[in-house]
Every structure is written in C-alpha cells, then in structure tokens.
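**Student:** this one's sequence-less:
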C-alpha cells in the first residue's frame, strides 16, 4: 500500500483538480493523452483513432473513437499534483460533464481551431458557469486546414460572452504552424517539426511578426493590469510591469471568473502541451483558492454548515460517480471537501440514513487502481465496496451530519423496450439494468403499466445504444430490444386540491392519517417540487413529512392522459391530522397517494413532447433541401448564419418524435456533406391534431 509524501504531494497549495471539456472531436482525449505522456504517467502516447487512448478504456469507447464515461487520473508536473478528469463531448453524455464539473476546481476548455465555439461547447460552458468553475481556453488543431486563431477568440466573445485574453499567439497556421509566442514572457516557443521531440526552443520574436506581436502584447497588458488596482496605477505611472506581476493579476481575474486566458497548439502534433500544463499551475485554482463549500443540516434545511478545506475538520465528501468494476465490485468516486477519510472509518449517508464502512480507498488512473490509506480535503479518489451510496450523496460522520448540494439529473427523452429472451434471464436482466441505472442516473428503468414491458430510457439514440450494448456484453444477458420510442410527459392544466382521510385496520392495527394538499401547474423546467406549510414538530416528525413527499412524487409517475410521468407541478402541504397511536409513515404516504390518484381521474391533463435544439452545418447548395426537410418535421428555424470557411449554420428546433433516423436522412439530402448536432431543449405541449394521432396509436 503506497502512502503519498505529505511534504509535497499533500500540500493543498500545489494541488489542482481540473477537467478537460469540449465539443465532440475538438481533441479533448488527445490533449489528455499528451498531458499523461509529458507528465511521465504514460511512457507511450495512446491514440484515439487506434483505440489505444488510456482515458478511453471502455470497449465501447475504443470501438467508436469517442469518450463515453469521464475517466480520472493523478499526475505530477513541476512539484504539483494534478487530479485530471477527461470528460465526454457528445451531448448524450452531458451528465458525465455535469457531475465532473460539480467536484472540479478548474477546467481546460478545448476548441477546434477551424470551428471555434460549437454547440456542445456552449452547453459545457454553461455547466461550468453554473458551478462557477474557472477556465483556461486551449485552441487546438492549429495545424488543420482552415485553422483561424482570431476567429476562435472572437467566437468566444460573441457566442459565450467570455472576456477572452490571448496570452499566446500562433506562429503560422495549418501545415506552417511552428509554435507560438508567449506574450507574457515575450518569447517565441518553436517545436521540432518532426513532431517527435518533447522539447521546444525558446527564442526571440521573429522579425517579420515583431510589430504585430508588440501591438497584441500592449493590448494584453492593458487588459490584465485593469484586474489589479495597484498594478494599474504602476502601469499608468510608466513603470515596467514584470511577467510575475502579470501572471499574478491574470490568476486573480481568472479565479474570479472575470477573464479566461487563451492558449493555442496542436495536441496531435505534440505542440503546445507543456505551456498548457504551466498555465494550469499559474492560473487555475488550488482547493484553497475555492471558497469553502456550504452544506445544510439533514433535518434543518435552513441551517447552513461551512465545510472548510482543512485536514482536521469533520469529514464531508460528495459521491459524484458510481462504476461497476468486474474485479473490484462497486467503485464510488468521491471528492473530499473537508477533513480526512481513512480506511476503517465509519461514515453516515444522510439521504439513505445508513452507515458505510470505508474498507478500501484507491487512486484511479483510468481503469487502473492504486491502493492508499486516506483521502484528505481537496482530494479526488474512489472507495471500493460502498453499499448504500448513490451519485450525489454526501458522506460525513454521524456526529457532524451535513448534506452537500446534490447533482440535478436531466430527464431522459427516449426509451426502448427491453425483454429477456427467457424467464431465467429476466432476474439477471433486471439486476443488470439496476446496476446501469446506479452508474448512470441519466438513464431510467420503468415498467409500462399498460403493456407490462420493461422500458429503458436515456438521453438519445447513441446513449441507448451504449446502454444496451453494455447490458448484453458486461452482464452477459440475452435480450430482445425494441425500436426507440419518445418519452412523453404529462401535466395538468389547472390547479386542484384534495383533502383525504386514510382510515383502515391492517393486520389488527388501526391506521389513520388525514392529508390536505394543493397541486398547481408551474414551469415544465422545474419538474416536480414539494413545499410544506405544516411545521415539523414532536408529533408530526420529519419522517412523516418525508412519507407525504414520497407519496406525492410517486403519484406523479403515472399521469391521467396516457400514464406517462408528470412534470411542471408543485405540491403544497396545507394541513394534516394525526392520532399518536394510529398514525405512521405508511398511513401518511397512503393518504397522499390515494387522495391524488382519486382526484387525477377528473382532472384535465395535457401531453408534452421533448423538443430538441438542432444545429445543422451544410454547404450553400443544400440549404434549401435541409430547410424544407426541417419544416416537414414540424421544425422551427431560428437563424441562419454564414460560416467562416463556407457553408451555412442553421439553428433550429424540432420535436424528437420527428428526428428518428435524421443522421441517415441528412446525409442523403446533402450528398453526405452536412453535419448536425442535437441536444434536448425543453418539453412542450403537443398540437391537438398530433396528440390525437398519438393517443389513437396507443389505443386511448
């Protein structure tokens, strides 16, 4: 068992928790592989196109050449320890980015030098804004035909509203890309053109671009000094500003999310990776630079608890990912925010109200493991063998209970029916599906109340394809899989209330509970929310309130129109009545669910469908074909813009039900030259004519 050297490796000042994020095919995994190589973690560079990338270790990732699951590793660079997470770029796997950003302190956003900001870049950028994650930008693929550094920087400002400050300039582009100018140190960095040499030569600025570099550097200095009042005054007084002062001010601005430093390179050709690693140390935060995370008391939601980044405080850590390893069993990835988690500790999970024994702690390198004794504040690692902990759960000592803000998971929009080929496989299949759902909370399993089929729901066709593939391969299950179906949702059109008394004798015991609630429509985006106007007291305890909420939420899983789950509803508990000897959790839950179900029979509901945001890139010759086809799919065109390098970008939205097989159709409409990206936008009311057709197909 290895113990990390406490002098250097466990020093929080020299720790960085960072992720690599971007649109699909911008070069995230290639950049991550070069980082592993140059930090000495790997002695050989793994290539994505060969299926040999270390961070893409799943069979499905290697076959498709894409990242599906976020992989974590620990590396060292210049006496600093970096916990690195490589995240997926495909929109179907945004949950992986979401839960990674939740626990990271900083991020590298990779951009394709030809395309600049792409649709999925906007999504991951918004996710990073949500969790207040400082970022540095790496404009990759400067060696590609059509690479345009200035366009990329402008698209950062226009599309992301980001105050991007280039601290490097490329020397050449496309096949003439030689290296870059370090504007802060005012030197040139030239790489060996064979692409094999690790090193680069530091030299003077080439004479032919010296004037342009001087202008860029002046603009950069003026922008950086504005971030620090003392430095700004010094600059105005005509004093020289040093590189160290510039870095310090730029770090301050980056940590405050005011600015985003921009670097460039070509990761595949091994250019620009070492300066990128230096920038991670110079500008991205250590765990000490991030404000102490705040949690809440499990039973007093208004009682805020600070969890300082300190080894001696009570333990507070967040489980952000579950993975099933065929040899080790369940791996629970955790970020420790406060205190020290040691092997042998017994920690408490406030959500499940269960205790967990910490039996084995490991540091991860993709799918390889290194056993260690403890994880300290600021650390990311994995615990083997936790039984009751899921994604988004908090682990803490029972003497100091705390709940950290959990992770919100998107609603799945597409489903397939999965049926075991034999009754012997049925139990095995359900166990396999349960494991997949625990690993990936953006997929759901439910039993169709009408057909009795098991439905597996996910975020898109590729997501479902991967889930089914894993079910068949990893869990060795023989199953029949139906065609993908849209996951519709339901809502109510007007508020209603109920007052229901549950009074029965069960197994000789009297059961009693009266519940009065109001249920009203809210924004679809808010899903299902629950509020109580009844204060928790000695007689009406928190467990009773939890049972009422559970009854309410479970009742919302079957709607009145076509038995789909309901969204856009707020339940408010108005009053209750109890009898000390006869009221319990079960009676309160029953009173709530029966009261709601009875009322829903007479309530007018509506059917909702998922609407997808669509961005199509196509040559000018085929714009008419694409637009006409989108209109036939009930699509709405929002904007059309001329693309740098030719062609048009068509921004639109369309119902998911009309987009099955779109990848094949768009190829035939454009002779294979158009491409598109699609992501879930919102649920919307279905037009009456379409709704009637859907209900007729369902036999309603």
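**Tutor:** Looks like it arrived, so ask away. Quick caveat: nothing in here was measured; it's all calculated off a predicted structure.

**Student:** for the stretch 201-350 of the chain, what are the low-confidence residue spans?
**Tutor:** 301, 326 (pLDDT under 70).

**Student:** Could I get the full set of strands for it?
**Tutor:** 260-264, 293-297, 300-307, 316-325, 329-338, 340-342, 346-349 (DSSP state E, counting those that start in this stretch).

**Student:** residues near the residue nearest to residue 289 when sequence neighbours are not counted, how many?
**Tutor:** Nearest non-adjacent residue to residue 289, counting by C-beta to C-beta, 6 or more residues apart in numbering: residue 255, 5.6 Å away. All C-beta atoms are positioned from the backbone trio N, CA, C, and that covers glycine. Neighbourhood size, residue 255 [other C-beta atoms under 10 Å]: 18.

**Student:** Residue 436 too?
**Tutor:** 20.

**Student:** same check, this time on residue 516
**Tutor:** Based on other C-beta under 10 Å, the number of other residues close to residue 516 is 19.

**Student:** Could you report the distance from it to residue 534?
**Tutor:** As judged by C-beta to C-beta, to the nearest Å, residue 516 and residue 534 stand 9 Å apart.

**Student:** and for those two, which residues touch both?
**Tutor:** Listed as contacting both residue 516 and residue 534 by C-beta atoms under 8 Å, 6 or more residues apart in numbering are 573-576.

**Student:** Weed out the non-buried ones from those.
**Tutor:** 573, 576 (16 or more other C-beta atoms under 10 Å).

**Student:** per-residue confidence averaged over the host helix or strand of residue 84?
**Tutor:** Using DSSP states H and E, residue 84 sits within strand 80-86. Averaging pLDDT along strand 80-86 yields 83.

**Student:** Renumber starting at 122 from here on
**Tutor:** Will do, 122 is the new start, and the previous item becomes strand 201-207.

**Student:** Show me which residues of stretch 752-770 are buried.
**Tutor:** Within stretch 752-770, the residues scored as buried using 16+ other C-beta under 10 Å are 755-756, 758, 765, 768-770.

**Student:** Let's see the distance spanning that stretch from one end to the other.
**Tutor:** Using C-alpha to C-alpha, to the nearest Å, the end-to-end distance of stretch 752-770 comes out at 16 Å.

**Student:** Likewise for stretch 494-514?
**Tutor:** 22 Å.

**Student:** Tell me the residue in this protein that is farthest from the middle.
**Tutor:** residue 629 (50.3 Å; C-alpha atoms, centre = their mean).

**Student:** Roughly how far does residue 308 sit from residue 323?
**Tutor:** Residue 308 is 5 Å from residue 323, by C-beta to C-beta.

**Student:** Also residue 279?
**Tutor:** Taking C-beta to C-beta, one finds residue 279 at 34 Å from residue 323.

**Student:** go on, residue 756?
**Tutor:** On the measure of C-beta to C-beta, residue 756 and residue 323 end up 53 Å apart.

**Student:** What pLDDT is listed against residue 765?
**Tutor:** Residue-level pLDDT assigned to residue 765 equals 65.

**Student:** next helix or strand past the lowest-mean-pLDDT helix or strand in the chain?
**Tutor:** Every helix and strand in the chain was compared by mean pLDDT, DSSP states H and E; the lowest is helix 180-185, with a mean of 46. Past helix 180-185, further along toward the C-terminus, the next helix or strand under DSSP H and E is strand 192-198.

**Student:** Does anything pack onto that next one? Which helices or strands?
**Tutor:** helix 149-159, strand 201-207, helix 394-404, strand 481-486 (3 or more C-beta pairs under 8 Å, 6 or more residues apart in numbering; DSSP states H and E).

**Student:** would you turn the ones you listed into a markdown table with distance to residue 557 and mean neighbour count?
**Tutor:** As requested, the helices and strands packed on strand 192-198 are exported to a markdown table (distance: least, C-beta to C-beta, whole Å; neighbours: other C-beta atoms under 10 Å):
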| stretch | distance to residue 557 | mean neighbour count |
| --- | --- | --- |
| helix 149-159 | 23 | 25 |
| strand 201-207 | 21 | 24 |
| helix 394-404 | 34 | 21 |
| strand 481-486 | 20 | 20 |
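
**Student:** Quick one, which of these gets closest to residue 547.
**Tutor:** strand 481-486 (32.8 Å; C-beta to C-beta).

**Student:** outside of the closest one, which residues touch it?
**Tutor:** By C-beta under 8 Å, 6+ apart, strand 481-486 touches 162, 175, 192-195, 449, 452, 454, 462-464, 490-496, 502-506.

**Student:** mind listing the helices for the stretch 472-621 of the chain?
**Tutor:** 544-560, 582-595 (DSSP state H, counting those that start in this stretch).

**Student:** what about the shortest one, distance to the chain center?
**Tutor:** When C-alpha coordinates are averaged (C-alpha atoms, centre = their mean, to the nearest Å), helix 582-595 and its chain have centres 19 Å apart.

**Student:** Run the angle between it and strand 437-446 for me.
**Tutor:** 60 degrees (axes from the mean of the first three to the mean of the last three C-alpha atoms, to 10 degrees).
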